[in-house]
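A.B. asks: I'll drop the sequence and a predicted model, then ask my questions.
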Amino acid sequence: MASKCAHETLVAYGRNAIDHNIALGRYVIMPDHIHLFVAGDHKFDLGIWVRGLKRVVAAAVTGGRHEKDSAAETAAATTMRAISRIPRSPLSAGFWRRGFFDHLIRNGGSYSQKWNYVRDNPIRAGLVVSREEWPYQGEIVEIDHE
């Protein structure tokens, strides 16, 4: 999954989320999973948002037709509008494991600790020697982190 296509799709999805009061903060895309920090308003449903993200990334990565930015942005916009109406996609069902793990971060110190752990995943996996070498990471919106 860690690919230019998956990365561009995640970035487009995260940028589109801003219009829906959802902030995709820092993230690291690994070969078999994604770590990300996300925040939303009181109406935000993380489960629905993650389901949409899984659908969009699976479609982009397995579809074999990824045109830079425009296709990813269109898919992300369509998914954000339709996410509450569409049941779990058969396409994403075989690509992703069911469910996800989430952790509530209560303060800036916890955010920094979790981010350092997440950012070191590519090193622990033997994919790179230093954090900066991993191309599939970034931050869309700065979420309060000290």
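C.D. replies: It's in. A quick note: this is a predicted structure, and the numbers were derived from the prediction, not measured.
A.B. asks: remind me, longest helix of this protein?
C.D. replies: Longest helix in the chain, counting residues (DSSP state H): helix 46-63.
A.B. asks: Can you give me the buried ones in that one?
C.D. replies: In terms of neighbour count (16 or more other Cβ atoms under 10 Å), helix 46-63 has its buried residues at 49-61. All C-beta spots, glycine's among them, are computed from the backbone N, C-alpha and C.
A.B. asks: can you count the residues close to residue 6?
C.D. replies: For residue 6, the neighbour count with other Cβ atoms under 10 Å is 21.
A.B. asks: List the residues that contact residue 143.
C.D. replies: 23, 25, 26, 37, 38, 39, 111 (Cβ atoms under 8 Å, 6 or more residues apart in numbering).
A.B. asks: And residue 119, how far from residue 12?
C.D. replies: Applying Cβ to Cβ, to the nearest Å, the value for residue 119 to residue 12 is 22 Å.
A.B. asks: Which one of those two is surrounded by more residues?
C.D. replies: For residue 119 versus residue 12, neighbours defined as other Cβ under 10 Å are more numerous around residue 12 (23 against 17).
A.B. asks: That one is in what secondary structure piece?
C.D. replies: Taking DSSP states H and E as the definition, residue 12 sits inside helix 4-17.
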